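Participant: Got a predicted structure plus its sequence, pasted below:
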Amino acid sequence: MAPVAVLVGVMGAGKTTIGRAVAAELGVPFGDTDAIIEERAGKPIPEIFVDDGEAAFRALEREVVAESLETFGGVLALGGGAILDEGTRKLLAAHTVVYLSVELADAVKRVGLGAGRPLLAINPRATLKYLLDQRRPLYLEVATYTVTTDGRDEAGITAEVVAALR
Ligand SMILES: Nc1ncnc2c1ncn2[C@@H]1O[C@H](COP(=O)(O)OP(=O)(O)O)[C@@H](O)[C@H]1O
Ligand SMILES: O=C(O)C1=C[C@@H](OP(=O)(O)O)[C@@H](O)[C@H](O)C1
Ligand SMILES: [Mg+2]
């Protein structure tokens, strides 16, 4: 079984929010690799970063993404950094991947001071700018469909993703 669609994009793109809405609209389950990772680790993502470090988080993420791509049949949201792994990008080549794009201004507004996102604990705006510049080409590389989300509400974005999948 493979996901109906996999959502990628930087923190604040709306992967979790839009993914849940798209799944509800299509009548399929919603999954979020961050939630699966937290369940497996038995603690929230910020605690994984503090106790075990980012490398341990990435290792767990790689495992959870690979497993979910094989076994999960709904709409799957990835964490924003999952595509940093080359092996993960190769796996994604066989899937329907929707890139929710967002530029700095809206991403910053949406994540605020970065609560729950350890990478944004210091200077969220500068960090997001760096991450966007680093990752934009990688999101584009894995995407089969790109939806621009800047200045748009959740209903409109959800409708465009659903239409693209139908
Ligand atoms: N199109 C949008 N317009 C305004 N706020 C949004 C939009 N999409 C998501 N949000 C808000 O931005 C925050 C981050 O969304 P989330 O779905 O967690 O993003 P991601 O999973 O990509 O990091 C949430 O508070 C969410 O309600
Ligand atoms: O961009 C990243 O490296 C991360 C994004 C987060 O997910 P969201 O993109 O859903 O916020 C989460 O996986 C973790 O905090 C690291
Ligand atoms: Mg998310």
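Facilitator: Arrived safely, thanks for sending. Ligands and ions are numbered 1, 2, ... in the order given.

Participant: What does V6 show for phi and psi?
Facilitator: Dihedral pair for V6: phi -120, psi 130, per degrees, to the nearest 10.

Participant: same thing with the one 4 residues further on?
Facilitator: With angles defined as degrees, to the nearest 10, V10 sits at phi -70, psi 170.

Participant: Contact partners for it?
Facilitator: G80, V102, A107, L128, L131, L132, R135, Y139 (CB atoms under 8 Å, 6 or more residues apart in numbering). Every residue, glycine included, has its C-beta placed from N, CA and C.

Participant: Assign the fifth one to helix, strand or coil.
Facilitator: Put plainly, it is L131. Look at L131: counting by DSSP: H, G, I helix; E, B strand; the rest coil, its state is helix.

Participant: And the pLDDT at it?
Facilitator: As predicted, L131 sits at a pLDDT of 98.

Participant: This protein: strands as residue ranges?
Facilitator: 5-8, 30-32, 75-77, 97-101, 145-148 (DSSP state E).

Participant: Counting by contacts, list what the first one packs against.
Facilitator: Packed against strand 5-8, as judged by 3 or more CB pairs under 8 Å, 6 or more residues apart in numbering; DSSP states H and E, are the following elements: helix 15-26, strand 75-77, strand 97-101.

Participant: got the residues of the chain near ligand 2?
Facilitator: By CB under 6 Å from any ligand atom, the part of the chain that sits against ligand 2 consists of M11, K15, T16, D34, I45, G79, G80, G81, R117, P118, L119.

Participant: Most neighbours among these, which one?
Facilitator: K15 (27 neighbours; other CB atoms under 10 Å).

Participant: can you tell me how far the closest residue to G79 other than its chain neighbours sits from ligand 1?
Facilitator: Spatial nearest neighbour of G79, chain neighbours left out: D34 (4.9 Å); criterion: CB to CB, 6 or more residues apart in numbering. According to CB to the nearest ligand atom, to the nearest Å, D34 and ligand 1 sit 8 Å apart.

Participant: swap in G156?
Facilitator: According to CB to the nearest ligand atom, G156 and ligand 1 sit 8 Å apart.

Participant: quick one: that residue from A21, how far?
Facilitator: According to CB to CB, to the nearest Å, G156 stands 11 Å off from A21.

Participant: any low-confidence regions in this protein?
Facilitator: The chain contains no residues with pLDDT under 70.

Participant: Contact residues of it facing ligand 3?
Facilitator: Counting by CB under 5 Å from the ion, the chain comes close to ligand 3 at K15, T16.
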